[in-house]
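[1] Attaching a predicted model along with its sequence, questions to come.
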Amino acid sequence: MRRPFPMLATILVLTAATAVAKAKFTDIWTPPGLQPLSFVGQTVVALAISEDLSLRMSAEEALTDELSKRGLRGLAAYRVIPREELRDAQRAKGWFQGAKATGVVSMRLVDLSRESSPAAVVWSSTPYTSFWDYYPYGWGNTFTIVPARNDTKIVIETLVYDLAGDRLIWAGTSESSNAKSVRALVEDIVEATADEMRKRGLTRR
C-alpha cells in the first residue's frame, strides 16, 4: 500500500532553508448550479489521509484550528475514529454520524510534481461525487514520498464535502514549494481554499 505523507516531515525540514512559495491552486472544480451554503456553527471533520499517525494528527489539528477560526466547529478525524476502523468506510461512517458532522474537509498528498496532479474532470465522476465512495478510494490511491530534492514542490488535493447531501461541493489541487512545517503548509492551503470558495459564492463568511 502506497502512503501519502511518510517522510513529508523530513522533506519539510530539509527544504526549510530554501525559498518558500505560497500555495497556488492549479485546478479547481465546483458542481454546476451549486447554491451558496454555510457550515458556520456546524461540526466539520478535518481529515488528512495518511498512514503516518503523528503526521496525520499534526495536519488534522492544524486544519481543525483553521476551520474553528472561521466559525466552524472543527473536529480532527483521529479524535473521532479509532485507528483500527479508519480505513473501513462503513465503520468510519458511523463515527462521523455519531459526531453529528455536517461536512468534511479532506486533504491528500497526490504528488511532488505539478504534471501528475489530477485533472479537474476527475472530480465530476465516481468515486468523487460521494464522500463514502471517495473514502476507500482515497485511502487506496496515495503517493509515496521520494527523498527530498533541493526545490520541493508538494501537490495536495483538497476536497470539501457536504455530508448532509453526501456531495462534493468544492475540489482543488494546490502546489506549494518548500513549506517550513506541516502546520504552515496546512494553514496556507486552508487560507487559499477559503479565499477561492468565497470568490465563488460557496460560503457566506
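    That came in fine, so what should we check first? Residues are numbered from 1 along each chain as shown.

[2] pLDDT at residue 92, what is it?
    Residue-level confidence at residue 92 comes out at 95, pLDDT.

[3] How about residue 52?
    Residue 52 is assigned a predicted lDDT (pLDDT) of 80.

[4] Neighbours of it, how many?
    Close neighbours of residue 52, defined as other Cβ atoms under 10 Å, add up to 18. For glycine as for every other residue, the C-beta is placed from the backbone atoms N, C-alpha and C.

[5] any idea how far it lies from residue 58?
    9 Å (Cβ to Cβ, to the nearest Å).

[6] what about the helices in this protein?
    Counting by DSSP state H, the chain has these helices, from start to end: 8-14, 53-69, 89-98, 131-140, 182-199.

[7] now the angle from the last one to helix 53-69?
    Following axes from the mean of the first three to the mean of the last three Cα atoms, to 10 degrees, one obtains 40 degrees for the angle between helix 182-199 and helix 53-69.

[8] For helix 182-199, buried residues please.
    Applying a neighbour-count criterion of 16 or more other Cβ atoms under 10 Å, one finds 182-183, 185-190, 192-194, 196-197 buried in helix 182-199.

[9] Check what pLDDT the residue nearest to residue 87 when sequence neighbours are not counted gets.
    Taking Cβ to Cβ, 6 or more residues apart in numbering, and ignoring the residues beside it in sequence, residue 87 has residue 139 as its nearest neighbour in space, at 5.1 Å. At residue 139 the predicted local confidence, pLDDT, stands at 84.

[10] Next up, the contacts around residue 139.
    The neighbourhood of residue 139, defined by Cβ atoms under 8 Å, 6 or more residues apart in numbering, consists of 49, 86, 87.

[11] and of the residues you listed, the nearest to residue 158?
    The shortest gap between residue 158 and any of those belongs to residue 49, at 11.1 Å (Cβ to Cβ).

[12] so the residue lying closest to that closest one once chain neighbours are set aside bridges to which residues?
    Leaving aside its sequence neighbours, residue 49 sits nearest to residue 108 (Cβ to Cβ, 6+ apart; 4.3 Å). According to DSSP bridges, the partner residues bridging residue 108 are residue 157.

[13] so what's the spatially most central residue of the chain up against?
    For the chain, the residue whose C-alpha lies nearest the mean C-alpha position (Cα atoms, centre = their mean) is residue 107; its distance is 1.5 Å. Residue 107 sits next to 47, 48, 49, 59, 63, 156, 157, 158, 159, 186, 189 when contact means Cβ under 8 Å, 6+ apart.
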